[in-house]
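# predicted model, plus sequence, below.
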Amino acid sequence: MLQKLHELKEKALQALEMVSDSDELDGWRVGHLGRKSELNSILRNVGQLIPEERPAVGRLANQVKLALEVAYDDKAEALKRQELERALREQRSDVTLPGRPVSVGRLHLSTQTLREIYAIFGAMGFQVYESPDVETDELNFGLLNMPPHHPARDMWDTFWISDEVLLRTHTSPGQIRVMRERYPEPIRVILPGKCYRYEQITARSEHQFYQVEGLAVGHAITMTDLIGTLSEFARRFYGPDRRIRIRGSYFPFTEPSIEADMDCILCGGEGCRVCRYSGWLEVCGAGMVHPVVLRNGGYDPDEWSGFAFGFGVERPAMVKYSIDDIRLFYGNDLRFLRQF
Ligand code: PHE
């Protein structure tokens, strides 16, 4: 019996040498270590042997079983490594292949234009101040000298959120916020941001657009400072030859109020399609801050004066890049956006 166990072990180990994949290895385990294997039946029947043989046969049978199990584990390990190596060899990657291009984003034309505007006003000493898109009726209108039922409210078509809350129709409410925060310091800020108007969407007007508001408050600020600032902006943004002209206008929050135009960058004033044959392009609404507004911001109009202006951001970009439809800014068409 002992002899038989030795042979059985030798045979099993030899057979294991021949095993070359995991299916065969499974078969080997069933055949040599499984329930119906010879080794198993010897182990099961040790009890029937004559007592003198039992301990030696039992011990050897268990040793053989252990040896085969260890050999099985080693083989399984070796096969796994072989299979991994083969897989690596067969699916070899070509490290010289060019990588997949990563698609790189870019800044939207509105953002690029805004940053250009910040840089120009930054150089003239203006800080950027942000104020909320969702405003109260009081800040958007009331404190800007437009009490309820003031007819000038009709100048701005409004998205109302509730009776008191709205999407700001212009960046001017930021004037009140800065003044209340900065008093009694002098102020020189621009207030950029989105504005919203309940308007028909056409090639020339959107229901959302950017504006940049400007506000300067100090002790001897005059209309000359305002005109100088606007002319300097036009020259830096559009080119050194630009001229601006001033027309009288009306806004409830400035007195006097003006509108500034710039000679058309395309025809230089001759008249063309872009300037609608007038030779001039509208630049902005502006004026000297109304005494009521200064007071609402906490500044005594007998001691302080200021100027304010507000202009759109998409329009100047349209003029500069010959874009004929404002809807392109919000259409998310990459063919348009990638050009800038
Ligand atoms: N808020 C005005 C508008 O949206 C523009 C403006 C700003 C006019 C500041 C005067 C002073 O039309």
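Nice, thanks for sending it over.
# Provide the secondary structure category for Leu66.
helix (DSSP: H, G, I helix; E, B strand; the rest coil).
# point out the residues in the stretch 151-300 of the chain that sit beside the ligand.
170, 172, 213, 251, 254, 285-287 (CB under 6 Å from any ligand atom). For the C-beta atoms, the positions are set from N, CA and C on the backbone; glycine is no exception.
# who's in contact with the host helix or strand of Arg335?
Per DSSP states H and E, Arg335 falls inside helix 334-337. Here helix 334-337 makes contact (CB atoms under 8 Å, 6 or more residues apart in numbering) with 106, 108-109, 328.
# and it, what's buried?
Leu337 (16 or more other CB atoms under 10 Å).
# using CSV, list the CA coordinates for that helix.
Included here for helix 334-337 are C-alpha records, laid out as CSV according to Å, rounded to 0.1, in the frame of the first residue of the first chain:
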residue,chain,number,x,y,z
LEU,A,334,-19.1,75.9,-31.8
ARG,A,335,-18.5,76.9,-35.5
PHE,A,336,-19.1,80.4,-34.4
LEU,A,337,-17.4,80.3,-31.0
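# what's the spacing between it and its chain's center?
17 Å (CA atoms, centre = their mean, to the nearest Å).
# show the average pLDDT along that helix.
The average pLDDT within helix 334-337 is 94.
# ok so, going back, compare the residues of the stretch 151-300 of the chain next to the ligand and tell me which is most surrounded.
Highest neighbour count within these, by other CB atoms under 10 Å: Ser172, with 29 neighbours.
# for the residue nearest to Tyr196 when sequence neighbours are not counted, give me its contacts.
Of all residues not flanking Tyr196 in the chain, Leu167 sits nearest, at 3.7 Å (CB to CB, 6 or more residues apart in numbering). Neighbouring residues of Leu167 by CB under 8 Å, 6+ apart: 133-135, 158-159, 161, 195-196.
# okay, the residues you listed in JSON lines with neighbour count, pLDDT and secondary structure next?
Below are these laid out as JSON lines (neighbours: other CB atoms under 10 Å; pLDDT from 0 to 100; DSSP: H, G, I helix; E, B strand; the rest coil):
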{"residue": "Asp133", "neighbour count": "13", "pLDDT": "98", "secondary structure": "coil"}
{"residue": "Val134", "neighbour count": "12", "pLDDT": "98", "secondary structure": "strand"}
{"residue": "Glu135", "neighbour count": "26", "pLDDT": "98", "secondary structure": "strand"}
{"residue": "Thr158", "neighbour count": "17", "pLDDT": "94", "secondary structure": "coil"}
{"residue": "Phe159", "neighbour count": "15", "pLDDT": "95", "secondary structure": "coil"}
{"residue": "Ile161", "neighbour count": "12", "pLDDT": "96", "secondary structure": "coil"}
{"residue": "Cys195", "neighbour count": "24", "pLDDT": "97", "secondary structure": "strand"}
{"residue": "Tyr196", "neighbour count": "21", "pLDDT": "97", "secondary structure": "strand"}
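# now for the residues you listed: which two are most distant?
The largest separation in these, counting by CB to CB, is between Ile161 and Cys195 at 14.6 Å.
# returning to what we had before: show me which of the contacts of helix 334-337 are buried.
Buried among these (16+ other CB under 10 Å): 109, 328.
# and the contacts of helix 334-337 as JSON lines, adding distance to the ligand?
Output for the contacts of helix 334-337, formatted as JSON lines (distance: CB to the nearest ligand atom, whole Å):
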{"residue": "Arg106", "distance to the ligand": "29"}
{"residue": "His108", "distance to the ligand": "22"}
{"residue": "Leu109", "distance to the ligand": "21"}
{"residue": "Leu328", "distance to the ligand": "22"}
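# and which of the contacts of Leu167 is nearest the ligand?
Among those, Cys195 lies closest to the ligand (CB to the nearest ligand atom), at 7.0 Å.
# contacts only, for the residue nearest to the closest one when sequence neighbours are not counted.
Counting by CB to CB, 6+ apart, the nearest residue to Cys195 once its immediate chain neighbours are dropped is Gln211, at 5.0 Å. Contact analysis of Gln211 by CB under 8 Å, 6+ apart lists 170-171, 192-193, 195, 310-313.
# rerun that using 7 Å as the cut-off
170-171, 193, 195, 310-313 (CB atoms under 7 Å, 6 or more residues apart in numbering).
# cool, Trp156 as well?
Counting by CB under 7 Å, 6+ apart, Trp156 touches 169-170, 197.
# does Trp28 count as helix, strand or coil?
Per three-state DSSP, Trp28 ends up helix.
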